[in-house]
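Asks: requesting a structural model of the entry that follows:
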Amino acid sequence: MWLFCYLYAIANGAQWIYDTDDDNKPFGKGLEQFEYATDRTRGLRFATLEWPNGTIKESLFNPYRHFGRPDMWPRGFPLEHIKKHDHHDGAYRLCRVQRPSAVQQGIVQKDPDVDAIFRLLHAEPTTGLDESFNEFAPPVILAPGTYAPWNSQNTLFARSAFFGLFLPTTVAFRVTDIWRSYFTQALLHAAGETVSFVPVNAIQKRNAHSYLKDFDDEIDVYDKAGEIVEFIVEWECQAETMDKCTIELANHFAEKGFWGNEDAQLVVHWVHDLQKIGYTFPAVRRGARSEYAIGEDKDLTRNCRRAHVSFTNDLPVNNSMPAEKRAATKIDNYGDLKDWCDKSNSSTSKEWYFPAPDQLAEATLENKTLTDNYRTVAIITNNWQWGIGMGMLQRMYDANFAMVIFCGHYPKQGKDAEKKEYPEGMAGGDLTYPNLKRPINYIDLSNEEVRHGYWVYYCLSKVEEMKIQNVKGYVMFSDDAIFNFWNPLNLDIFQGTKRGPGWGPWWPNKEVGWNAMNRTIQLFDGKYKNDPEVQHFVKELNREIGRETRIDIATKKIVTDPNEYLMVGDGWVIADWMYVPTANISFVGMFAQLAHEGGLFLELFASKMMHILPSEGAHDVDKTRVLFLWGGERSRWDTYYNATLQGLHPIKLTNFQMLNTGNYYYCDEIAFL
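Replies: Model (predicted):
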């Protein structure tokens, strides 16, 4: 019956087909959560790692792990790989441009698609499951060669994937859509097409089922899913066209006993019917697995880079409920800092005591600033390759934000990276600080891309590409800045620290000042004149600049032309701390992308953003915000630090590397204010 419905829709010109069940309904953004672009997209990509002596475990992706539930697995995930499966550091990459997925599976809230084993262990007999997922986790595309089961309950097919709608009839109902998912993925990969998983956009209140009956119907899934993955990982179509590849793979599935000969014959009829109604199969594209490779560090316009994300589900779905799991993580983090401080000559750390998780959670719930932080992303930047103190920074900030992302050059990790106390490639290790907590969230920017911190604002562009969901905004600060996150901020507008008006030292610098801005402007009408995203940014730029009267500080004349205004040297900003609301992140991210290519200096980029967008920040250094120290002040930072500041810069972590040689200042002044 379903096949007839699919053929009818295809014959009548459907460009998208949405598969769902009668007990599912849209949730959150619903169908708008899917992406309908057909030419390009950006975001995270998960690729198979080619480890020596690797197994199919490295070719598997668990979507529930990605969305914050490593304790769950989807129906059809090979059971023999659940216990030891992980998303290894290095498997994710972040790409500015990639081909959109042909199939998108949405995650389902409350009673998601899991197998009968999970339900027998965890479901309530009368109400079923009541599961939730991390609300910040972004979509992810699975690169060819990477496999995950998906179902027919909340799935969007683009026209290029319609040939994969075939559902086998010789297997049990609880098996048919899972076998389709593996069968179709192998064929999509042969065409260079992909599958993606998008955040929760549906909720299921499951119709009555017998879990034991479901278990019986799923026996083939338990027995053969791993065998299917092992086969399709190695399979390569011998035919030259996708219609013939579809028939070839269907015959292989029958020969292997994955489905019956009747289904192999039915696929032949399916293919012929598609051809009769004018459907065009996608072309076979050899070598698709090598597409979107990680670019070279020295390539300042590279498309893809290493990244890693890991999400938990430690915040309650109802934001008015206390977050006890998150509070427990905070206490563990602060306990590690206390242990570190106890080894120093700290005069106070041995007297530190912590509340119970429920007490801390209740107190946090009463503080709007702290609960707002739970919906804010913290980006910690580094001007050089990460070397020391990452574990320290994790303990300070990690459990206080939606997520913490380290952005800077992060050395490439090996297969056993998670077993090490500090990242590979970090000379001398990090053993005098609390060890690194894995997994971590990071975006790799090469030393060349950061250029001693000149272009570290590029992190904003890369974080925007991630498509993080449901956050208020993004606070970015350097690793040598202390951010007092408990002080209130207006999270609705851009935040920074302004210097007085004037050219300052950077605008006249031909390499990173006016010449760099001119190179950036030339990209608008030159290299990217036909780029729809860039041209949309230009329209937004015109609108923002036209929002109020702009004055050239040198000529005192009104400036109405946006490009002319960009060339006005209207000050500079010490940009080791700034906040961008979600409403502005696309605009700021695009300007960061273009300004980085033009070579504009960080403090000029930040100045322009603060002038163009609605923003807060003093016209001179405001000592109620972030205090910046110079010269001899830096060695006496502890005399300037105050808990009412938004932050203080710089406090170099290298000053506290050796125990009993100064780290007690840090412990006494900052750690537990």
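Asks: any stretches of the protein with poor pLDDT?
Replies: Along the chain, the model assigns pLDDT under 70 to residues 50-54, 414-431, 498-501, 618-624, 657-663, 670-673.
Asks: and the helices in the stretch 151-300 of the chain?
Replies: 173-190, 211-217, 219-234, 242-255, 261-276 (DSSP state H, counting those that start in this stretch).
Asks: mind listing what's buried in the longest one?
Replies: Of the residues in helix 173-190, those with enough neighbours to count as buried (16 or more other C-beta atoms under 10 Å) are 174-190. Just so you know, the C-beta spots here come from the backbone N, C-alpha and C atoms, and that holds for glycine as well.
Asks: with stretch 533-549 instead?
Replies: 534, 537-538, 540-541, 544-545.
Asks: which residue is the nearest non-sequential neighbour of P355?
Replies: The shortest distance from P355 to any non-neighbouring residue, by C-beta to C-beta, 6 or more residues apart in numbering, is to A363 (7.3 Å).
Asks: L365 now?
Replies: Per C-beta to C-beta, 6+ apart, closest to L365 is P322, 4.9 Å.
Asks: residue contacts, the one you found?
Replies: By C-beta atoms under 8 Å, 6 or more residues apart in numbering, the contact list for P322 reads 316, 358, 361-362, 364-365.
Asks: residue boundaries of the strands in the stretch 451-600 of the chain?
Replies: For the stretch 451-600 of the chain, the strands defined by DSSP state E, counting those that start in this stretch cover 473-478, 482-483, 494-495, 550-551, 558-559, 577-581.
Asks: list the contacts of the spatially most central residue of the chain.
Replies: Most central in the chain under C-alpha atoms, centre = their mean is M466, positioned 4.2 Å from the mean C-alpha point. Contact analysis of M466 by C-beta under 8 Å, 6+ apart lists 43-44, 94, 138, 307, 309, 443.
Asks: any idea how far R96 is from it?
Replies: 11 Å (C-beta to C-beta, to the nearest Å).
Asks: over to V475?
Replies: 23 Å.
Asks: okay, those two: which has more neighbours?
Replies: V475 (24 against 18; other C-beta atoms under 10 Å).
Asks: give me the nearest residue to the more buried one, chain neighbours excluded.
Replies: Y579 (4.6 Å).
Asks: give the burial count for the one you found, as a bare number.
Replies: Y579: 23 neighbours (other C-beta under 10 Å).
Asks: which residues touch it?
Replies: By C-beta under 8 Å, 6+ apart, the neighbours of Y579 are 473-476, 489, 491, 494-496.
Asks: now the helices for the stretch 301-450 of the chain?
Replies: 324-342, 357-365, 368-373, 390-397, 447-450.
Asks: with distance to L594 and mean neighbour count as extra columns, can I get the ones you listed in JSON lines?
Replies: Shown next, in JSON lines, are the helices of the stretch 301-450 of the chain (distance: least, C-beta to C-beta, whole Å; neighbours: other C-beta atoms under 10 Å):
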{"stretch": "helix 324-342", "distance to L594": "37", "mean neighbour count": "18"}
{"stretch": "helix 357-365", "distance to L594": "39", "mean neighbour count": "17"}
{"stretch": "helix 368-373", "distance to L594": "30", "mean neighbour count": "16"}
{"stretch": "helix 390-397", "distance to L594": "30", "mean neighbour count": "22"}
{"stretch": "helix 447-450", "distance to L594": "14", "mean neighbour count": "19"}
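Asks: got phi/psi on K25?
Replies: Phi and psi for K25, reported as degrees, to the nearest 10, are phi -140, psi 160.
Asks: check the burial of it by counting its neighbours.
Replies: 13.
Asks: residues contacting it?
Replies: Contacts of K25 by C-beta under 8 Å, 6+ apart are 202-203.
Asks: distance of it from I203?
Replies: 6 Å.
Asks: now do the same contact list for the spatially closest residue to I612 that is not a sequence neighbour.
Replies: Closest residue to I612 in three dimensions, ignoring its sequence neighbours and counting by C-beta to C-beta, 6+ apart: E544, at 5.0 Å. E544 makes contact with 587, 612-613, according to C-beta under 8 Å, 6+ apart.
Asks: wait, which of these is closest to C341?
Replies: L613 (40.0 Å; C-beta to C-beta).
Asks: quick check: the closest one vs K343, distance?
Replies: 45 Å.
Asks: these two: who's more crowded?
Replies: For L613 versus K343, the count of surrounding residues by other C-beta under 10 Å is larger for L613: 19 against 14.
Asks: so what's N154 bridging to?
Replies: Counting by DSSP bridges, N154 is bridged to T20.
Asks: burial check on it, number of neighbours?
Replies: 30.
Asks: shouldn't it be in contact with T20?
Replies: Yes. Using C-beta atoms under 8 Å, N154 is in contact with T20, at 5.7 Å.
Asks: overlap in contacts of these two?
Replies: Common neighbours of N154 and T20 (C-beta under 8 Å, 6+ apart) are A202.
Asks: pull the number of nearby residues for K557.
Replies: 12.
Asks: number the chain from 431, please
Replies: Sounds good: first residue 431 from here, last item K987.
Asks: measure the nearest residue to it once chain neighbours are set aside to W816 for me?
Replies: Residue nearest to K987 in three dimensions, not counting chain neighbours: I981, with 7.2 Å by C-beta to C-beta, 6+ apart. Using C-beta to C-beta, I981 is found at 42 Å from W816.
Asks: same drill for those two, tell me which one is more crowded.
Replies: Neighbour count, other C-beta under 10 Å: between I981 and W816, W816 has more, with 25 against 15.
Asks: is it true that that one touches C837?
Replies: No. Using C-beta under 8 Å, W816 is not in contact with C837; the gap is 9.7 Å.
Asks: list the buried residues in stretch 498-511.
Replies: 498-500, 502-508, 511.
Asks: need the contact partners of it.
Replies: So stretch 498-511 is in contact with 485-487, 490, 492-495, 512, 542-545, 547-548, 561, 563-564, 567, 578-581, 604, 608, 611-612, 648, 651-652, 655-656, 659, 741-743, going by C-beta under 8 Å, 6+ apart.
Asks: okay, that stretch in CSV with CA atoms only?
Replies: What follows is stretch 498-511, C-alpha atoms only, in CSV (Å, rounded to 0.1, in the frame of the first residue of the first chain):
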residue,chain,number,x,y,z
GLY,A,498,22.8,13.8,24.6
ARG,A,499,21.6,10.3,25.4
PRO,A,500,24.6,7.9,25.2
ASP,A,501,22.5,5.4,27.3
MET,A,502,20.0,4.9,24.4
TRP,A,503,20.2,3.4,21.0
PRO,A,504,17.8,3.5,18.0
ARG,A,505,16.0,0.4,16.8
GLY,A,506,18.3,-1.4,14.4
PHE,A,507,21.6,-0.3,15.9
PRO,A,508,23.8,-3.5,16.1
LEU,A,509,23.6,-4.7,19.6
GLU,A,510,27.0,-6.2,19.7
HIS,A,511,28.5,-2.7,19.3
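Asks: relative to L1030, how far out is N945?
Replies: Distance from N945 to L1030, by C-beta to C-beta: 9 Å.
Asks: what count of nearby residues applies to the spatially closest residue to N681 that is not a sequence neighbour?
Replies: Excluding the flanking residues, the one nearest N681 by C-beta to C-beta, 6+ apart is A694, at 5.1 Å. By other C-beta under 10 Å, 19 other residues sit near A694.
Asks: cool, G687 as well?
Replies: When neighbours are counted by other C-beta under 10 Å, G687 comes out with 10.
Asks: so what's A791 up against?
Replies: 752-754, 756-757.
Asks: again, only this time at 7 Å
Replies: Listed by C-beta atoms under 7 Å, 6 or more residues apart in numbering, the contact set of A791 reads 752-754, 757.
Asks: give me the number of residues near F741?
Replies: F741 - counted by other C-beta under 10 Å - has 22 other residues nearby.
Asks: give me the contacts around stretch 1017-1030.
Replies: Contacts of stretch 1017-1030 (C-beta under 7 Å, 6+ apart): 731, 885, 887-888, 890-891, 894, 941-942, 946-947, 949-950, 953, 963-964, 967, 970, 1010, 1035, 1039.
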